[in-house]
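>>> I need the structure of the sequence given here:
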Amino acid sequence: MSSLEINSCSYNQATRLQLFPPLVEDNISGLLGESMSSTEDKPKDIIKFTPEKLSVDEVSQLVISPVCGAVSLFVGTTRNNFEGKKVVSLEYEAYVPMAEAEVRKICNAVRQQWPVKHIAICHRLGLVPVTEASVVIAVSSAHRAASLEAVKYIIDTLKAKVPIWKKELYEEETSSWKRNKECFWTKND
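The predicted model follows:
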């Protein structure tokens, strides 16, 4: 069983938080700046929801381990088009307590299927301009197959089950919240 580190914030335009505020049991700067010798033997699940810009390098560093030969990443970015319309940005909202609970379930399922060491799942809330990351997923494992398969499972399951809502903002039109066709609760609509 892995230790679970959770950090989240509700998005509020008036409140700007640091990308990686302190974790429940540890401090991110300690994880990034020091060797993980004291915590290395424990697998970690790092879950974050933040309005701040995501750094692929920082998320990647969270899962690096000297006993692992692979770190696999998925980075989901805002593209500038959708169905012939020019997209200027995306906006994400989430019910964070429920989203965290669902992400915890995903991490548990990954650990039952693949021998992975550390998992980091970071999702941005609020406005995400074109080319910026809305989600960064990083998984470390001894060998590449486990981390690659785990990353694919995580993004597919996250899109299907985690209560995160996306609005596309278009250049010339009124925007509206987009229905996630992959979401399990919209399959029968």
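>>> For C68, which non-adjacent residue is closest in space?
Of all residues not flanking C68 in the chain, S140 sits nearest, at 4.1 Å (CB to CB, 6 or more residues apart in numbering). All C-beta spots, glycine's among them, are computed from the backbone N, C-alpha and C.
>>> Tell me, how many residues neighbour that neighbour?
S140 has 25 neighbouring residues, counting by other CB atoms under 10 Å.
>>> My guess is V75 contacts V135. True?
Yes - counting by CB atoms under 8 Å, V75 touches V135, with 7.4 Å between them.
>>> Looking at the two, which has the bigger crowd around it?
When V75 and V135 are compared for neighbours, V135 comes out ahead with 22 against 16, by other CB under 10 Å.
>>> So that one versus A142, what's the distance?
Distance, V135 to A142, by CB to CB, to the nearest Å: 25 Å.
>>> where does this structure have low pLDDT?
1-41, 173-189 (pLDDT under 70).
>>> Which parts of it are helices?
28-33, 56-63, 96-113, 144-161 (DSSP state H).
>>> In the chain, what residue spans correspond to strands?
Remark: strands assigned in the chain by DSSP state E are 3-8, 44-50, 70-77, 81-82, 85-94, 116-124, 126-129, 133-141, 164-170, 176-178.
>>> Put together CSV for those strands, with distance to S60 on each row.
What follows is the strands of the chain, written out as CSV (distance: least, CB to CB, whole Å):
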stretch, distance to S60
strand 3-8, 16
strand 44-50, 12
strand 70-77, 6
strand 81-82, 28
strand 85-94, 21
strand 116-124, 8
strand 126-129, 19
strand 133-141, 5
strand 164-170, 22
strand 176-178, 28
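>>> Go through those and pick out the most buried.
Highest mean neighbour count of these: strand 116-124, a mean of 25 (counted as mean count of other CB atoms under 10 Å).
>>> CA atoms only: put it into PDB for me.
What follows is strand 116-124, C-alpha atoms only, in PDB (Å, rounded to 0.1, in the frame of the first residue of the first chain):
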ATOM      1  CA  VAL A 116       5.100   1.300 -10.300                       C
ATOM      2  CA  LYS A 117       7.000   3.300  -7.700                       C
ATOM      3  CA  HIS A 118       5.600   6.900  -7.700                       C
ATOM      4  CA  ILE A 119       2.600   8.500  -9.300                       C
ATOM      5  CA  ALA A 120       2.000  12.200  -9.800                       C
ATOM      6  CA  ILE A 121      -1.300  13.500 -11.200                       C
ATOM      7  CA  CYS A 122      -1.500  17.300 -11.500                       C
ATOM      8  CA  HIS A 123      -4.500  19.000 -13.100                       C
ATOM      9  CA  ARG A 124      -4.900  22.700 -13.600                       C
END
